[in-house]
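A.B. asks: I'd like to go over a predicted model; first the sequence, then the structure.
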Amino acid sequence: HLQLTMPKVSALRNYGKTVQTPRRPFEKERLDAELSLIGIYGLKNKREVWRTRLLLANSRKVARELLTLDEKDDRRIFEGSALIRRLHRYGILDESKTQLDYVLSLKLEDFLERRLQTRVWRMGMAKSPHHARVLIKQRHIRVRNQLVDQSAYMVRVDSQQHIEFALTSPLGGGRPGRVKRRKDAARAQRGGDSEDSDDY
């Protein structure tokens, strides 16, 4: 007789870090720089800056490690080209830059520019990065045929031209919004009342 046992929750838990907090919490220059980035890119909090900084740190860490190996080393060739290709795919690194040294010169802004929130704003679909965030959260934006409601979604270069308003959104020709429907109903009601008064 077979007895099935459920795996422990601890076995399914993901221990991978998504955020790395700063070592010095009250460093004035860093605090000012983070606040400036939050304002420019319309971020929700410092955590979003730290999460992006960890992505940058991980990319640079891999590049630094591979640069210590010999140029003919199989691991450096294979993993280095994979890293460069991934950064090209997301538009973080320019297509003309194919050396690992360029990964070390990447900045936080290079990653922040590829967020869906920033792309929607830069394409003129929103008046500001804050407006772009609201549109994404309220499910007005799609990438290709996929509706995306995550502001931090990283946009690939080949997907950038397919960022559009969702088909279900009033902005994309869908059903009018709640307020618009209410106003139309009130206008129709007023029109009906005036016609009734004309009959008498």
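C.D. replies: Happy to help now that I have it. Numbers count the residues shown, from 1 in each chain.

A.B. asks: list the buried residues in stretch 32-49.
C.D. replies: 34, 37-38, 41-43, 46, 48-49 (16 or more other CB atoms under 10 Å). Just so you know, the C-beta spots here come from the backbone N, C-alpha and C atoms, and that holds for glycine as well.

A.B. asks: what of stretch 108-122?
C.D. replies: Under the neighbour-count criterion of 16+ other CB under 10 Å, stretch 108-122 has 108, 110-112, 114-121 buried.

A.B. asks: over to stretch 139-149?
C.D. replies: Across stretch 139-149, burial judged by 16+ other CB under 10 Å covers 140-143, 148.

A.B. asks: just put those residues in TSV and tack on secondary structure, pLDDT and distance to residue 167.
C.D. replies: Compiled in TSV, the buried residues of stretch 139-149 are given as follows (DSSP: H, G, I helix; E, B strand; the rest coil; pLDDT from 0 to 100; distance: CB to CB, whole Å):
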residue	secondary structure	pLDDT	distance to residue 167
140	coil	95	11
141	strand	96	11
142	strand	95	7
143	strand	96	13
148	coil	96	13
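
A.B. asks: can you give me the strands for this structure?
C.D. replies: For the chain, the strands defined by DSSP state E cover 141-143, 146-147, 163-165.

A.B. asks: mind putting those strands in a markdown table, distance to residue 185 included?
C.D. replies: Converted to a markdown table, the strands of the chain look like this (distance: least, CB to CB, whole Å):
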| stretch | distance to residue 185 |
| --- | --- |
| strand 141-143 | 28 |
| strand 146-147 | 27 |
| strand 163-165 | 24 |
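
A.B. asks: residue 179: which of the ones you listed is closest?
C.D. replies: With CB to CB as the measure, strand 163-165 is the member of the strands of the chain nearest residue 179 (17.6 Å).

A.B. asks: and that closest one, what does it pack against?
C.D. replies: helix 116-122, strand 141-143 (3 or more CB pairs under 8 Å, 6 or more residues apart in numbering; DSSP states H and E).

A.B. asks: neighbouring contacts of that strand?
C.D. replies: 116, 119-120, 123, 125, 140-143, 155, 171-173 (CB atoms under 8 Å, 6 or more residues apart in numbering).

A.B. asks: please apply the same query to stretch 83-96.
C.D. replies: Applying CB under 8 Å, 6+ apart, the contact partners of stretch 83-96 are 59, 62-63, 66, 97-100, 102-103, 106, 110-111, 113-114, 154-158, 160.
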